[in-house]
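J.: Here is a sequence together with a model predicted from it:
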Amino acid sequence: MSTNLDGRGTVSLATYLFTRLRQLGVRAVHMSYPSYNPIYAFNGHARVKGISALFTQYGVGELNALNAVAGAYVEYSPMVHIVGCPARKTYRVGGVVQHSLGDGKLRVHANIWKHYTVAQAALFNPMTAIELIDQTLQACVQESRPVYLEMPSDMVTVAVQEEPLATPLHLSPLTNDQEIEDEVLETVLNHIYASKQPYVLVDGLAASDQIVDEVNRFASTTGFPTLSYTFGGGIVDGSLPNYHGIDAGKFGTLDFTPYTSTADLCLLFSPFLTNVNMQSYTNIPPKCITISFGRKVIGVGYAGTLSLYVKSVLRKLLDKIDTSRLPNVQKALSPPDYSAPIYQDTFNLRLSSHFRPKDVIICANATPLPGGRGFVLPLDVTLIINSSIWLSIGHMLPAAQGVALAQRELNTGGRTILFEGDGSFQVSAQELSTVIKHKLDAYIFLINNSRYTYERMLHGEDQEYKDVARWNYLMTLEMMGAPRKGEGDYTVDTYDVSTWGDLMPTLEDSKFWDGKGPKMVNVRMDLMDMAKRFKPVLKMQGDLLRADPGLE
């Protein structure tokens, strides 16, 4: 710390920024050079920790980050993207410098980020820099979306006031107009009390909306049959007797449409209505029976929507609800069948029995994504990480690195378990070296069917360009520096399996689940194997892609 002319304490601008990040719970900053893998890692880290930070260099570094940050923006993942950029004088004179477009227009990259972040700050003025930092970080947390900070090289050590650091950022839940909130609560309660066949439907934005606890309390208190959309996997306590898993409509492991199609009330929490999440829009509840709870909007049937902050509404709803006036509903359905041959359907069900509380399950943007809908989750699984709209191939292996780092920081005892496709693995395999470098623990189940099966289902089974090169996947860990057995307690274990006879002894070995270091299981499956219930969905999507819209 230094002291300026008026005697008040100062710190460097960089110290101020990183102190604020630490106050928000950030304990690691990811850095990106040529690869976008660290950006995916910082995405996974943010989903577990609640916020994450990334440092890139101007131009080439930040544009590499654009793909991953765009996915975080659309799927509501809070990230702080800090860009180290040229000195302020370079901007004033329009200098032609490395990583620019060579025309002296140095703000062109920053302008792009207005479309992919919820707030941006150019830290060019020492008099306004700390206020901009505070406002931008506050927006990141409250909106649960990425933000963008430009840090010129000559601003890093500039002295700024230290005093504001003594006051935490204002991150309290936003409040509603009490009169409007009370009217909406009365309307919602009247619909609940009048219903005969209600159900609860939960989506993945409940995490970023910060209402996971409230949603679980509501499901537990009412006992209403409760389902999740794919993106909402892991939000609801899987031990609740009235929770029945993922709603995949008529394509699900269990078909809930006989109940949902005749329901008279759907309480829909944090919806994210995309074609992937909604089984090509086949399982959206009718608007006339739906009360929808979004982050800032509550909609009641055809009556329209009101701007209200959902967390406040749900807390009051839980306080006011009279359980003696709730309808009697069916609370339990028959469990799924675990005794089946080794295909992805049964593979996912059997693996579910080995999940533990606080585990984080990660499903790659390939056949593991629909396969993960068959998971049966234990009590208090932290979350399932998947993508519902961005679907960038290669995303989830680096994301698993970020998750594993966050798990170490949180020290909850939870494990990082990745279900990866072979094609996805080939996109970002080098991120294994970061896992090994930092001695992180992770389980990687590689679904090896030698092709982009997901894409073949969309574009045709006989498209040879959808084949992938045949790697010796289990050698990649050693190639990237993993120690051999006997070289300490951080070692790599690899397994090559093609039948349940190969796999079951491994799954039933406690040392497999409790050991240190990465463990990679190469699971060989049929060329076109994927979750059977999802094949009609992809066929429908493929037909739409190939449809001739005709001339306008």
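T.: Yes, it's here.

J.: Tell me which stretches of the stretch 1-150 of the chain form helices.
T.: Defined through DSSP state H, counting those that start in this stretch, the helices belonging to the stretch 1-150 of the chain, from first to last, are 13-23, 37-49, 60-74, 88-93, 108-112, 129-143.

J.: same question but for the stretch 151-300 of the chain, I mixed them up
T.: Remark: helices of the stretch 151-300 of the chain, listed N- to C-terminal, are 178-194, 205-208, 212-222, 257-260; assignment by DSSP H, counting those that start in this stretch.

J.: again with the stretch 351-500 of the chain
T.: According to DSSP H, counting those that start in this stretch, the stretch 351-500 of the chain carries its helices in the segments 368-371, 396-410, 422-428, 432-437, 453-459, 476-479, 500-507.

J.: Of all these, which one is nearest residue 111?
T.: Of all those, helix 396-410 sits nearest to residue 111, with 27.1 Å by C-beta to C-beta. From N, CA and C alone the C-beta is placed, and that goes for glycine too.

J.: for the closest one, packing partners?
T.: The elements that helix 396-410 packs onto, with contact taken as 3 or more C-beta pairs under 8 Å, 6 or more residues apart in numbering; DSSP states H and E, are helix 37-49, strand 360-363, strand 383-385, strand 416-421, helix 422-428, helix 432-437.

J.: just to revisit the earlier point, could you save the helices of the stretch 351-500 of the chain as CSV and add columns showing mean neighbour count and distance to residue 130?
T.: Written out in CSV, the entries for the helices of the stretch 351-500 of the chain read as follows (neighbours: other C-beta atoms under 10 Å; distance: least, C-beta to C-beta, whole Å):
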stretch, mean neighbour count, distance to residue 130
helix 368-371, 26, 42
helix 396-410, 26, 26
helix 422-428, 24, 36
helix 432-437, 20, 32
helix 453-459, 20, 47
helix 476-479, 16, 44
helix 500-507, 14, 52
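
J.: tell me the domain ranges of the chain?
T.: The record, using automatic domain parsing to delimit domains, assigns the chain the ranges 2-166, 178-325, 344-542.

J.: With residue 172 as the reference, name the closest of these.
T.: Closest approach to residue 172 among the domains of the chain is made by domain 2-166 (9.2 Å; C-beta to C-beta).

J.: Spatially central residue for this protein, please.
T.: Within the chain, the residue whose C-alpha comes closest to the C-alpha centroid is residue 385; the distance, by C-alpha atoms, centre = their mean, is 4.7 Å.

J.: Okay, it and residue 283: tell me how far apart.
T.: Remark: distance between residue 385 and residue 283 (C-beta to C-beta, to the nearest Å) = 22 Å.

J.: still on that earlier bit, now the helices of the stretch 1-150 of the chain in CSV, with distance to residue 177?
T.: CSV is the format used below for the helices of the stretch 1-150 of the chain (distance: least, C-beta to C-beta, whole Å):
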stretch, distance to residue 177
helix 13-23, 31
helix 37-49, 32
helix 60-74, 29
helix 88-93, 44
helix 108-112, 36
helix 129-143, 18
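
J.: most tightly surrounded among those helices?
T.: helix 37-49 (a mean of 28; mean count of other C-beta atoms under 10 Å).

J.: For it, name the packing helices and strands.
T.: Packed against helix 37-49, as judged by 3+ C-beta pairs under 8 Å, 6+ apart, are the following elements: strand 29-32, strand 52-57, helix 60-74, strand 79-85, strand 383-385, helix 396-410, helix 432-437.

J.: So what angle separates the directions of it and strand 52-57?
T.: 160 degrees (axes from the mean of the first three to the mean of the last three C-alpha atoms, to 10 degrees).

J.: Give the rounded mean pLDDT of helix 37-49.
T.: The average pLDDT within helix 37-49 is 75.

J.: Ok, stretch 347-359 next?
T.: The predicted model assigns stretch 347-359 a mean pLDDT of 79.

J.: show me the contacts for the closest residue to residue 30 other than its chain neighbours.
T.: In space, residue 30 comes closest to residue 42 once its chain neighbours are excluded; the distance is 3.9 Å by C-beta to C-beta, 6 or more residues apart in numbering. When the contact criterion is C-beta atoms under 8 Å, 6 or more residues apart in numbering, the partners of residue 42 are 30, 52-54, 68, 79, 402.

J.: out of the helices of the stretch 351-500 of the chain, which comes closest to residue 141?
T.: Ranking the helices of the stretch 351-500 of the chain by their distance to residue 141 (criterion: C-beta to C-beta) puts helix 396-410 first, at 16.3 Å.

J.: picking that back up, of the helices of the stretch 1-150 of the chain, which shows the lowest average pLDDT?
T.: Between the helices of the stretch 1-150 of the chain, the one with the least mean pLDDT is helix 37-49; it has a mean of 75.

J.: number of nearby residues for the nearest residue to residue 206 once chain neighbours are set aside?
T.: Distances taken as C-beta to C-beta, 6+ apart place residue 270 nearest to residue 206, at 4.1 Å, with adjacent residues excluded. The burial count assigned to residue 270 is 27, neighbours taken as other C-beta atoms under 10 Å.
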